[in-house]
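Chemist: Generate a structure from the sequence data that follows.
(one chain, ligands or ions: 2)
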Amino acid sequence: MDASAQIGVTGLAVMGRNLARNFARNGYTVALHNRTAARTRALVEEFGREGSFVPCESAEEFVAALERPRRLMIMVKAGDATDAVIDEFAPLLEPGDMIIDGGNAHFADTRRREKALRERGIHFVGTGVSGGEEGALHGPSIMPGGSTESYTVLGPMLEKISAHVEGEPCCTHIGTDGAGHFVKMVHNGIEYADMQLIAEAYHLLRDVADYTPAEIAEIFRRWNKGRLNSYLIEITAEVLAHTDPATDAPFVDIVRDAAEQKGTGRWTVQTALDLGSPVTAIAQATFARVASSRSELRAAYRPLPGGTAQELHRHEAERFTEQVEQALYASKVIAYDQGWTMIRDGAAEYGWDIDLGEVAKIWRGGCIIRAAFLDRIRAAHAANRDLVSLLAEDRFAAEVADAQVPWREVVAIAAHRGIPVPAFSASLAFYDTLRSQHLPAALIQGLRDFFGAHTYHRTDRDGSYHTHWAESGRPESRTDI
Ligand SMILES: NC(=O)C1=CN([C@@H]2O[C@H](COP(=O)(O)OP(=O)(O)OC[C@H]3O[C@@H](n4cnc5c(N)ncnc54)[C@H](OP(=O)(O)O)[C@@H]3O)[C@@H](O)[C@H]2O)C=CC1
Ligand SMILES: O=C(CO)[C@H](O)[C@H](O)COP(=O)(O)O
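Modeler: Ligands and ions are numbered 1, 2, ... in the order given. Predicted coordinates for the structure are as follows:
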């Protein structure tokens, strides 16, 4: 077989199939492989005319079809399947070849795989891909990690098939080894927070303002024309406006209210705890999904009393809608800021040189959280590479400050009515935590010292101290000298 393919894709389910077509539509010859050969044949039968494909049934045939250095992309289920595929192909490759893992792998697995393959001279490029089925075909946001050397060879191809915004590709080299998958994981954590905030806004508009799903769809359509403009707001309007053809009921009323997950949000929260990154909105969004699925707990709590109902007049409902927009925007800024903090923390921990402005740039198009305000996040980080928080930038700070009164009212109304808004509340509490002059953490330190001699630092002197709580007069001693 001629080694004529510039790239090979193995794993031709939803994502792999469309990425392969995207490469082919962009003029590349693409070798195709899938564990179950029927998928390979189906792709060629249905879409073979879109470009140049080399269908392969065996691993040997697939590798032989690739130009050197070989670029072999894996799009299979994350976890054991990825290891199985690497174990199958790596022995057939030569030093300088590249394995690109475009699945949602855990970044720690990517670091392990990269190290093992590097020792054999093979580049392993853990690559975040976002955009779902349509994005994969028409241009996703692509977050490659791996060596700089591999990006030199691979980058132009990935940039070509990625989404473009104002002529700029939504793809950049994120950093070495697992940096790409780390950033993709945080992207998904932000995605969880964004969706939860949207869902809470919907819940409030439905249960406080008494709007129908169709009316709320119109509200989201309007919001999508303003500063909230984003893919998730756009598709929220679509989903809310949809009626179930079988029952004529609003689609959202016939779907079970138990949110599922594949786990990237959970990984974000687990990793954030290890890094000490306070991603409270992302964590609440992840727990909200889990809580919604715990039917036995919900059955136990359901009979308990809730808040007070109160009808709103039309003009009050309209005012409330504007307040919810403010609360949603402010909470969203906080949730995204938490994501960026976590990326900065991950970069520091793992030695990645991640350009935070570039991350915002490549998320402006192609990915699920693409949003107009990412351009401003990009600009804020580009203007100041040491920007510690979006809230340290004048315009974001002013917007969130302007929103704080309605934000508080919305959270208070939700509490009165007994409507759960965990992500709105967590974002507001985060805002208040960080702007507080004094936090009750001093009391926690005192309690820790009381029961466990865990020591504390004083506000007026250096060093660490312990109070001998059981001794008369409770003398204090310095413990670090
Ligand atoms: N769906 C989405 O919107 C997105 C998905 N991703 C990630 O992209 C990857 C692919 O996703 P998706 O297209 O949805 O497909 P799936 O995650 O459903 O994976 C199906 C593919 O994996 C292959 N596979 C499973 N187990 C093995 C194995 N042990 N050995 C070899 N091949 C195996 C299947 O082969 P076979 O046909 O033989 O069963 C099939 O090609 C995943 O890692 C996913 O997390 C990333 C972004 C968005
Ligand atoms: O990676 C993605 C988009 O960027 C997927 O859509 C994501 O996996 C969906 O996650 P979950 O099933 O956990 O909601």
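Chemist: Residue 219: neighbouring residues, count only.
Modeler: 22 (other CB atoms under 10 Å). C-betas here are computed from N, CA, C, even on glycine.
Chemist: Could you list which residues are in contact with it?
Modeler: Residues in contact with residue 219 (CB atoms under 8 Å, 6 or more residues apart in numbering) are 205, 211, 321.
Chemist: where does it land on pLDDT?
Modeler: According to the prediction, residue 219 has pLDDT 98.
Chemist: so which helix or strand takes in it?
Modeler: In the assignment (DSSP states H and E), residue 219 maps to helix 213-223.
Chemist: The biggest helix by length in the chain and ligand 2, any residue contact?
Modeler: Assignment by DSSP state H gives helix 314-350 as the longest helix of the chain. No - on the criterion CB under 6 Å from any ligand atom, helix 314-350 is out of touch with ligand 2, staying 13.1 Å away.
Chemist: host element of residue 235?
Modeler: helix 231-241.
Chemist: Show me what whatever helix or strand comes next after that helix packs onto, helices and strands only.
Modeler: Per DSSP H and E, the first helix or strand lying C-terminal to helix 231-241 is helix 251-254. Using 3 or more CB pairs under 8 Å, 6 or more residues apart in numbering; DSSP states H and E as the contact test, the elements touching helix 251-254 are helix 213-223, helix 231-241.
Chemist: right, so of these, which gets closest to ligand 2?
Modeler: Comparing the helices and strands packed on helix 251-254 by their distance to ligand 2 (CB to the nearest ligand atom), the top pick is helix 231-241, with 10.7 Å.
Chemist: got the angle for that closest one vs helix 213-223?
Modeler: Between helix 231-241 and helix 213-223, the angle comes out at 160 degrees (axes from the mean of the first three to the mean of the last three CA atoms, to 10 degrees).
Chemist: C-alpha coordinates for helix 231-241, CSV please?
Modeler: What follows is helix 231-241, C-alpha atoms only, in CSV (Å, rounded to 0.1, in the frame of the first residue of the first chain):
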residue,chain,number,x,y,z
TYR,A,231,-23.9,29.2,21.8
LEU,A,232,-25.4,27.8,25.0
ILE,A,233,-27.8,30.7,25.3
GLU,A,234,-28.7,30.3,21.6
ILE,A,235,-29.5,26.6,22.0
THR,A,236,-31.3,27.1,25.2
ALA,A,237,-33.9,29.1,23.2
GLU,A,238,-34.1,26.2,20.7
VAL,A,239,-34.6,23.6,23.4
LEU,A,240,-37.2,25.6,25.3
ALA,A,241,-39.2,26.4,22.2
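Chemist: that older thread, between helix 231-241 and the longest helix of the chain, find me the angle.
Modeler: Using the same axes, to 10 degrees, helix 314-350 lies at 140 degrees relative to helix 231-241.
Chemist: what does the helix or strand that helix 314-350 is followed by rub up against?
Modeler: Next helix or strand after helix 314-350 toward the C-terminus (DSSP H and E): helix 356-362. By CB under 8 Å, 6+ apart, the residues outside helix 356-362 that reach it are 141-143, 162, 165, 168-172, 174, 183, 340, 343-344, 374-375, 377-382, 385, 387.
Chemist: returning to what we had before: adding distance to ligand 2, write the helices and strands packed on helix 251-254 out as JSON lines.
Modeler: Below are those laid out as JSON lines (distance: least, CB to the nearest ligand atom, whole Å):
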{"stretch": "helix 213-223", "distance to ligand 2": "20"}
{"stretch": "helix 231-241", "distance to ligand 2": "11"}
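Chemist: So which other helices or strands are in contact with the helix holding residue 235?
Modeler: helix 179-207, helix 213-223, helix 251-254.
Chemist: now the first one against helix 314-350, angle please.
Modeler: The reference is to helix 179-207. 160 degrees.
Chemist: Output the below-cut-off pLDDT ranges for this protein.
Modeler: 1 (pLDDT under 70).
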